[in-house]
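# Provided below for reference: sequence and predicted model.
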Amino acid sequence: MNVRADTPHHHRLREWYAPLCPEVILPAPLPLDPALDCAVLDWAASGAMGLTGFPDGPPVASPAAAIGLLAESISVLEWMTGEIGSPVSMDPGVVLSGRAALRGLTRSGQTSAGGSTRLLQAAEGWCAVTLSRPTDFDAVPAILAADDVPDDPWSALANAARLAPGSAAELVARCRLLGVPAATLLSAPAAQPVIPFRSSRIAPRASGTALSGAMVVDLSSMWAGPLCAHLLGQAGARVVKVEGATRPDGARRGDPRFFSWLHDGHEQLTLDFHAPAGRAALAALLAEADVVIEASRPRALAQLGLAPEERPHRAGQVWLSITGHGRAEPELAAFGDDAAVAGGLVGRHQGEPVFCADAVVDPLSGVCGALAVSAALLCGGGLLVDLSMRAVAAAFASVSSEHGPHDVYRDGEEWRVFCPRLSRHQAVLPPQAPVSTEC
């Protein structure tokens, strides 16, 4: 495995996982020929570039360097999982564009590939608003101080953002007050490297912690948490997916091939969290788990009496909490596209922001979560890992400008990219579907 520990990306990763496991020493790096390495060509080949930009314009290369950091993250994950289980790797292109390939999604500029999030320009700045749930649409009149839901809520929100004398932050504040996911766009990437997860000790370390044979209880839904569970399962863990009887995983309403890919081989359990027997069964399962993955607002588990800070943990247990903006801001909801905007992970077309790939922070958070869990187990566990999707976006956005200009041009029906430094051309490939997607 090529762990390129002499690259700038690795130094960033070291800052990420060192607090979780300072004892980790990667193997000596294999030789790396920079003359063969181009993040923009990799971005074009991944399928993610084809999802970034306006539908009637060229695909956008500006966030390309993020794929180099993703590839390095996957390489380090492969080494870590090999130390405590079976080595796991994935094609970065499949990570970023697998869902889009299954759903037939294309780039839509300032509308997310999935269609639920829009970038809106205000008098001062840009923001993203997500309307994906019925309650989000029901909240639009209150956001606009109107009596009824307009015939076209998106146009009404865009007009409100554009015509209001205030900033994008004011519209975001109104949305958040009503529980609608929204975020202002960072004007520039963070000056200092961002760490996507933090940790705190919840139990003593244990000797011999491993992924091979470990029990992973997955309480998450949609994409980020299930992808993390999928990766840990590939490393040899036994994954038990738990869903509420009245609130199953929303991904079940989408393409069944995507759900099957993420959950293939996992045990599936449905519990009634409102019933004493269901809560007792969940508590017993959490007590037995080696790893717990959850992606709910902290108060949801607190209401069940099962919050990680309020329950005992056996030695070595690792608890991964995935939230939109971190556990310090527990009431802020987020989805993959608005969380990306919050962290500044967007493409740029003629100075205007466009969405990057398909809900890009979801798959990036899944990989980061698996990396954090693996690092924690390597050093005996006993940690609560607080993973913020906004921080994941900011971490990857901080490398989004580390490449020179490239020519993006059309060759017949195909878009292509030319790298002047390497004098190489690369077709902008379509999204890449996972190999195994049987229902």
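Perfect, I can see it now.
# Distance-wise, check residue 417 relative to residue 411.
11 Å (Cβ to Cβ, to the nearest Å). Bear in mind the C-beta positions are built from the backbone N, C-alpha and C, glycine included.
# Which of these two has more residues huddled nearby?
Using other Cβ atoms under 10 Å as the criterion, residue 417 and residue 411 rank with residue 417 on top: 24 against 9.
# Which element, helix or strand, includes that one?
Element membership for residue 417 (DSSP states H and E) is strand 414-419.
# so where's the stretch 201-350 of the chain uncertain?
Residue ranges of the stretch 201-350 of the chain with pLDDT under 70: none are present.
# for it, what spans make up the strands?
Secondary structure of the stretch 201-350 of the chain (DSSP state E, counting those that start in this stretch): strands at 215-218, 238-244, 267-271, 291-294, 318-323, 347-349.
# What are the contacting residues of the second one?
Yep, that's strand 238-244 we're talking about. Contacts with strand 238-244, where a contact means Cβ atoms under 8 Å, 6 or more residues apart in numbering, come from 213-219, 221, 226, 229-230, 232-233, 249, 263, 265-273, 282, 285, 289.
# Could you break this structure into its assigned domains?
8-109+189-427, 133-180 (automatic domain parsing).
# What lies in contact with stretch 139-147?
For stretch 139-147, contacts defined as Cβ under 8 Å, 6+ apart pick out 131, 148-150, 153, 156-157, 160, 171, 174-175, 178-180.
# Lowest-confidence one in those residues?
pLDDT across the contacts of stretch 139-147 is lowest for residue 149, at 74.
# Which PyMOL command selects the buried ones in the contacts of strand 238-244?
In PyMOL syntax, the buried subset of the contacts of strand 238-244 is picked out as below (16 or more other Cβ atoms under 10 Å):
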select buried, resi 214+216+217+218+219+221+226+229+230+232+233+249+263+266+271+273+282+285+289
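# Next, give phi and psi for the closest residue to residue 283 other than its chain neighbours.
Distances taken as Cβ to Cβ, 6 or more residues apart in numbering put residue 306 closest to residue 283, at 6.1 Å, once the chain neighbours are dropped. Dihedral angles of residue 306 (phi, psi; degrees, to the nearest 10) stand at phi -130, psi 20.
# where does the stretch 51-200 of the chain have low pLDDT?
Scanning the stretch 51-200 of the chain for pLDDT under 70 picks out 189-191.
# got a list of what residue 415 touches?
50, 58, 59, 408, 409, 427, 428.
# May I see the residues you listed arranged in CSV, with distance to residue 103, neighbour count and secondary structure as well?
As requested, these are exported to CSV (distance: Cβ to Cβ, whole Å; neighbours: other Cβ atoms under 10 Å; DSSP: H, G, I helix; E, B strand; the rest coil):
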residue, distance to residue 103, neighbour count, secondary structure
50, 14, 25, helix
58, 23, 17, coil
59, 18, 22, coil
408, 25, 19, strand
409, 28, 12, strand
427, 22, 14, strand
428, 19, 24, coil
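# Now residue 282. Nearest residue, chain neighbours left out?
Residue 282 sits nearest to residue 271 (Cβ to Cβ, 6+ apart), 5.5 Å away.
# Likewise for residue 96?
Closest residue in space to residue 96, ignoring its immediate chain neighbours: residue 48 at 4.1 Å, by Cβ to Cβ, 6+ apart.
# Now for that neighbour, how many residues are close by?
Neighbours around residue 48, by other Cβ under 10 Å: 33.
# Report whether the expected contact of it with residue 357 is present.
Yes. Using Cβ atoms under 8 Å, residue 48 is in contact with residue 357, at 4.1 Å.
# residue boundaries of the helices in the stretch 1-150 of the chain?
With DSSP state H, counting those that start in this stretch as the definition, the stretch 1-150 of the chain shows helices at residue ranges 8-17, 39-46, 66-84, 92-103, 134-138, 140-144.
# Make a markdown table out of those and add distance to residue 278 and mean neighbour count.
A markdown table is the format used below for the helices of the stretch 1-150 of the chain (distance: least, Cβ to Cβ, whole Å; neighbours: other Cβ atoms under 10 Å):
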| stretch | distance to residue 278 | mean neighbour count |
| --- | --- | --- |
| helix 8-17 | 36 | 18 |
| helix 39-46 | 42 | 25 |
| helix 66-84 | 32 | 23 |
| helix 92-103 | 30 | 25 |
| helix 134-138 | 24 | 13 |
| helix 140-144 | 34 | 18 |
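# Compare those and report which one is nearest to residue 315.
helix 66-84 (16.1 Å; Cβ to Cβ).
# For that closest one, name the packing helices and strands.
Contact here means 3 or more Cβ pairs under 8 Å, 6 or more residues apart in numbering; DSSP states H and E; on that basis helix 66-84 packs against helix 8-17, helix 39-46, helix 92-103, helix 224-234, helix 361-378, helix 389-397.
# Residue 127: which of those helices is closest?
Short answer: helix 389-397, nearest of the helices and strands packed on helix 66-84 by Cβ to Cβ, at 13.6 Å.
# Need the mean per-residue confidence for that closest one.
Across helix 389-397, pLDDT averages out at 94.
# what's it in contact with?
12, 16, 63, 66, 69-70, 183, 186, 189-190, 193-197, 224, 322-326, 334, 336, 339-346, 360-362, 364-365, 368.
# Whichever of the residues you listed end up buried, select them in PyMOL.
Entered in PyMOL, the line below selects the buried ones among these, by 16+ other Cβ under 10 Å:
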select buried, resi 12+16+63+66+69+70+183+186+189+194+195+196+197+224+322+323+324+325+326+334+336+339+340+341+342+343+344+345+346+360+361+362+364+365+368
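# Look up how far residue 369 lies from residue 218.
Distance of residue 218 to residue 369, computed by Cβ to Cβ: 11 Å.
# Quickly list what's touching both of these two.
In contact with both residue 218 and residue 369: 225, 293, using Cβ under 8 Å, 6+ apart.
# Report how many residues lie close to residue 223.
25.
# Hmm, it is touching residue 262, no?
Yes. The criterion here is Cβ under 8 Å, and residue 223 meets it with residue 262 at 7.5 Å.
# and residue 414, what is it in contact with?
Counting by Cβ under 8 Å, 6+ apart, residue 414 touches 427, 428.
# of all the helices of the stretch 1-150 of the chain, which lies closest to residue 301?
helix 134-138 (20.8 Å).
# Using PDB, write down the CA coordinates of the closest one.
Presented in PDB, the C-alpha positions along helix 134-138 are these (Å, rounded to 0.1, in the frame of the first residue of the first chain):
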ATOM      1  CA  PRO A 134     -42.200  18.800   4.500                       C
ATOM      2  CA  THR A 135     -41.500  20.800   7.700                       C
ATOM      3  CA  ASP A 136     -38.900  22.800   5.700                       C
ATOM      4  CA  PHE A 137     -41.400  23.900   3.100                       C
ATOM      5  CA  ASP A 138     -44.000  24.600   5.900                       C
END
